[in-house]
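>>> Only the shape, not the letters, is given here:
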Ligand code: HEC
């Protein structure tokens, strides 16, 4: 009898832990793919992953050094966007 009670308690503990695990995984969002990387791969990689020797396009690593604001400025202002696209 006492042994049964112990097993019952163990099963309840496991059930409790599984419930906690289920709730936690529901609350913590799954990691999303980095949207910036997806965008880069789709729109920029062709020219910036391995620019030709005679191209002025900065390499990916050089682009990484720039702030997001600097990238937006480069894409939206001046003559470079016209030369780039
Ligand atoms: C068709 C090829 C091509 C594509 C696609 C392209 N670029 Fe470029 N990019 C260039 C070239 C060429 C230059 C150099 C322009 C120059 O200096 O005349 C350049 C320059 C730049 C620069 C530097 C501008 C500066 O002020 O020095 C940035 C930042 C940049 N690109 C970001 C991007 C991003 C972000 C994307 C994707 C959204 C992208 N490029 C897509 C060819 C491309």
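Yep, it's here. Since the model is a prediction, treat every value here as computed from it, not as a measurement.
>>> What ranges does this protein have for its helices?
With DSSP state H as the criterion, the chain has helices at 2-27, 35-43, 45-48, 60-64, 68-76, 80-84.
>>> Name the stretch among the ones you listed that sits most buried.
Sort those by mean neighbour count, taking mean count of other C-beta atoms under 10 Å, and helix 45-48 sits at the top with a mean of 14. Where C-beta positions appear, they are placed from N, C-alpha and C, glycine not excepted.
>>> Now residue 49: phi and psi?
Backbone geometry at residue 49, expressed as degrees, to the nearest 10, gives phi -70, psi -50.
>>> list the contacts for it?
Contact analysis of residue 49 by C-beta atoms under 8 Å, 6 or more residues apart in numbering lists 59-60.
>>> I'd like to know how far it sits from residue 26.
In this view, residue 49 and residue 26 are 38 Å apart by C-beta to C-beta, to the nearest Å.
>>> same thing with residue 67?
Noted for residue 67: a distance of 36 Å to residue 26, by C-beta to C-beta.
>>> related to what we said a few turns ago, put together CSV for the helices of the chain, with distance to the ligand and mean pLDDT on each row.
As requested, the helices of the chain are exported to CSV (distance: least, C-beta to the nearest ligand atom, whole Å; pLDDT from 0 to 100):
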stretch, distance to the ligand, mean pLDDT
helix 2-27, 34, 83
helix 35-43, 4, 89
helix 45-48, 3, 93
helix 60-64, 6, 92
helix 68-76, 4, 87
helix 80-84, 4, 68
